[in-house]
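[1] Sequence and computational prediction follow.
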Amino acid sequence: RTNSGNPQVRCYAAQTLGLIRRTECIPLLSKLAIDKEPAVRKEALASIGKIADKESSELLLNALQDPCWEVRKSAATVLSDSGWQATDNRQKAMFLVAAQDWQGTVATGKDAVEFLKNPIREKQEWIRKSAIQTLVRIGADSVEPLHECLNDESVELRLSAIEGLGKIGDPKSKSYLTTLLSDKNPEIRRKALVALANPANADLASQIAKLLKDKDKLIRKNAVETLGVIGGSESENILASAMNDEDWIVRRNAVEALGLIKTETSTKIIVNALSDKEELVRKTAVEILQSRSWSPENDAEKTLQLASLKKWKEIPLIGKNAVEPITNLVEDKNPQNRADIAFILGELRDESSIPVLAKLILEDNSAEVKKTASLAIAKFAKKAENNLMEVLDDAKDPMTVKCVVTALANIPDAHEDTVEELIDLLEDSEHTVIRKSAAESLGAIGDKRAVKYLVHAIESDKEKKSVKLASARALAKIKDLNCLKKLQELI
């Protein structure tokens, strides 16, 4: 039965031999103790433990290095139950590893390292992690088995080994980890970056910089983080270039990394980050600058500081010097911020802002931003009229047209062409909201040429009620005797 092709039969044979408890059974159990099936080996060891002699003890000691954790643990349990005692520290380490007494294993120091090679290759993640954590706690003496794992077929094992080496931080591991920066597996590259995040690795800045071109944004993110930890002037320059990364998270992490390098150069780079188009990048930058007790050196920096702190109401007090820096932020992804910027540009009343506001009205996808920009551009009066008319010609959606029409209504003494354009919209637009806005704007402008068209809108059987009411209110605003008479007739 010990030669049966059925593993279950061989298990039963091992159990039966244990019940016999005779030394003559040891040769058969010795054979089963090296069976290809872990379950058979485990049963054989349990039976061997019932036969107390020198040969059985040797078999159990050999089993402490079995490739299967269950077999090793079974051997350790049998030895422990028999009252066995280790003769030296090496034997004790071998026993404690098999018994999965990780705390005790650490106490045996470097003698345990060779016996942890099997556990770190186990399929069970919890055993693998426990063994690697034990190697980490043992320290520099344990890096060799982790180095051996770096080229293993198992990605999980490689990742665990890299993490362990990073925690140990032994200089002997630097070359191994540096090689992994060019590994084809992005997760391996990322883990290697994290493992190399050590101030002692400042000489690796140029090699880490290559990963800032990696397609994987998470790797670029980890690259800037590692540069921040290793520090140095070379890292500063590389992080400055990372501020141009297309991904805002990479840029924000670059700012955080520069925050770890406390130099005048890093402060200047962080100041430049106050003009980033992403709100959270600016927020991170201003917080770091505040922690360094930084003060703006000019109006542009003061403007960007206030914008980063969202103290929008204080920016107009700076005056025209605030226009250029605040204009650079109009691409902010937060529509509320863009609306606030549009409002500020209207308050500052610098003519260079007119094309910027016109573009917001035409291209922005937020109705609130369009509306705010239209009110802001109206503050420039006739100076903005031509720009608004160009936007009106290019506008394709009702909301944009409405915003332009509203802005035109706030421009006193509107140009003749503007009035005619509004009349055309009242007469011909297929959108009710545009016809209504055109009527309101014609009333606000108060040009007498609009009277007959407003009357036509009121009298039309096909016109919507909202447009009729807007046209009636518009007539009431046009200060003309004939207009008032017409209103009386309509009443």
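    Arrived safely.
[2] Could you use CA atoms for every contact and neighbour count after this?
    OK.
[3] now do the same end-to-end measure for stretch 228-244.
    Its first and final residues considered, stretch 228-244 spans 17 Å by Cα to Cα, to the nearest Å.
[4] which residues touch that stretch?
    With Cα atoms under 8 Å, 6 or more residues apart in numbering as the test, stretch 228-244 has contacts from 197-202, 205-206, 209, 212, 224, 227, 250-251, 254-261, 265-266, 269, 273.
[5] how about 7 Å then?
    Residues from elsewhere that reach stretch 228-244, judged by Cα atoms under 7 Å, 6 or more residues apart in numbering: 197-202, 205, 209, 224, 227, 251, 254, 257-258, 260-261, 266, 269.
[6] Then stretch 83-94?
    Stretch 83-94 is touched from outside by 64, 105, 108, 111-112, 115, with contacts defined as Cα under 7 Å, 6+ apart.
[7] okay, now Gln124: neighbour count?
    Here the count is done by other Cα atoms under 10 Å, and Gln124 has 11 residues near it.
[8] re earlier: export the contacts of stretch 83-94 to CSV and tack on secondary structure?
    Supplementary listing: the contacts of stretch 83-94 in CSV, determined by DSSP: H, G, I helix; E, B strand; the rest coil:
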residue, secondary structure
Leu64, coil
Thr105, helix
Thr108, coil
Asp111, helix
Ala112, helix
Phe115, helix
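[9] pLDDT below threshold where in the stretch 201-350 of the chain?
    Counting by pLDDT under 70, not a single residue of the stretch 201-350 of the chain qualifies.
[10] Helices of that one, residue ranges please.
    In order along the chain, the stretch 201-350 of the chain carries the following helices (DSSP state H, counting those that start in this stretch): 205-209, 217-230, 233-242, 248-260, 264-272, 279-291, 299-308, 323-327, 335-348.
[11] likewise the stretch 51-200 of the chain?
    Read by DSSP H, counting those that start in this stretch, the stretch 51-200 of the chain holds these helices, from start to end of the chain: 54-63, 69-81, 89-98, 102-107, 125-138, 143-149, 155-168, 174-179, 186-195.
[12] Could you save the ones you listed as a markdown table and add columns showing mean neighbour count, mean pLDDT and distance to Lys383?
    Formatted as a markdown table, those follow (neighbours: other Cα atoms under 10 Å; pLDDT from 0 to 100; distance: least, Cα to Cα, whole Å):
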| stretch | mean neighbour count | mean pLDDT | distance to Lys383 |
| --- | --- | --- | --- |
| helix 54-63 | 18 | 79 | 92 |
| helix 69-81 | 21 | 89 | 83 |
| helix 89-98 | 23 | 94 | 83 |
| helix 102-107 | 19 | 94 | 79 |
| helix 125-138 | 21 | 90 | 71 |
| helix 143-149 | 18 | 91 | 72 |
| helix 155-168 | 22 | 91 | 63 |
| helix 174-179 | 16 | 94 | 61 |
| helix 186-195 | 22 | 95 | 55 |
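[13] With distance to Ser471 added, can I get those in TSV?
    Putting the helices of the stretch 51-200 of the chain into TSV (distance: least, Cα to Cα, whole Å) gives the following:
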stretch	distance to Ser471
helix 54-63	98
helix 69-81	88
helix 89-98	90
helix 102-107	86
helix 125-138	76
helix 143-149	81
helix 155-168	73
helix 174-179	75
helix 186-195	65
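[14] Out of those helices, flag the one nearest Ile341.
    Ile341 sits nearest to helix 186-195 of all these, at 38.6 Å, using Cα to Cα.
[15] can you give me how far that closest one is from the chain middle?
    On the basis of Cα atoms, centre = their mean, to the nearest Å, helix 186-195 is displaced by 16 Å from the centre of the chain it belongs to.
[16] what's it packed up against?
    Counting contacts by 3 or more Cα pairs under 7 Å, 6 or more residues apart in numbering; DSSP states H and E, the secondary-structure elements packed against helix 186-195 are helix 155-168, helix 217-230.
[17] between the first one and helix 186-195, what angle do the directions make?
    Think helix 155-168. Between helix 155-168 and helix 186-195, the angle formed by their directions is 10 degrees, by axes from the mean of the first three to the mean of the last three Cα atoms, to 10 degrees.
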